[in-house]
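In: Sequence first, predicted coordinates after that:
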Amino acid sequence: MFIDVIIAVAVVLVVAALMGLLLAVADKFLYVAVDERVEKVTEMLPNANCGGCGYPGCAGLAEALVEGKVKKVSTCRPSKPEARQAIKDYLASTPGPDGNTVNVDL
Ligand code: SF4
């Protein structure tokens, strides 16, 4: 009976160690570089997540702006002019991981 408990604990420990190793390997080889500008621009948008811009949420438009797929901040109609200007200035002055900035129109 006692040996069964020891075997069960040993099996759990081995499985946990293997899962930890698997996660460590996955973290190293499946790492995706995140452009922090997307999160910042998302914060600057209204965060109404209304979908009026054609994206399912504000994060989608933020990503499109950062990637240069959308050139006008006014694609987000609920955004205020000050926020649009702030996003434009932020993208023009903050380089991404590749060292390039993004120029967008209001
Ligand atoms: S239109 Fe503006 S508020 Fe609505 S989801 Fe798009 S970015 Fe967000």
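Out: On my side now, so go ahead. Residues are numbered from 1 along each chain as shown.

In: Rounded mean pLDDT for the longest helix seen in the chain, please.
Out: For the chain, the helix that runs over the most residues, judged by DSSP state H, is helix 2-29. Averaging pLDDT along helix 2-29 gives 96.

In: List, one by one, the residues from this structure near the ligand.
Out: For the chain, the residues in contact with the ligand (Cβ under 6 Å from any ligand atom) are 45-46, 48-53, 55, 57-58, 61, 76-79. For glycine as for every other residue, the C-beta is placed from the backbone atoms N, C-alpha and C.

In: please redo it, this time with the cut-off set to 5 Å
Out: 45-46, 48-50, 52-53, 58, 61, 76, 78 (Cβ under 5 Å from any ligand atom).

In: List buried residues within those residues.
Out: The neighbour count (16 or more other Cβ atoms under 10 Å) marks 45, 53, 58, 61, 76 as buried among these.

In: For the protein, which segments are assigned as helices?
Out: Counting by DSSP H, the chain has these helices, from start to end: 2-29, 36-44, 58-67, 81-93.
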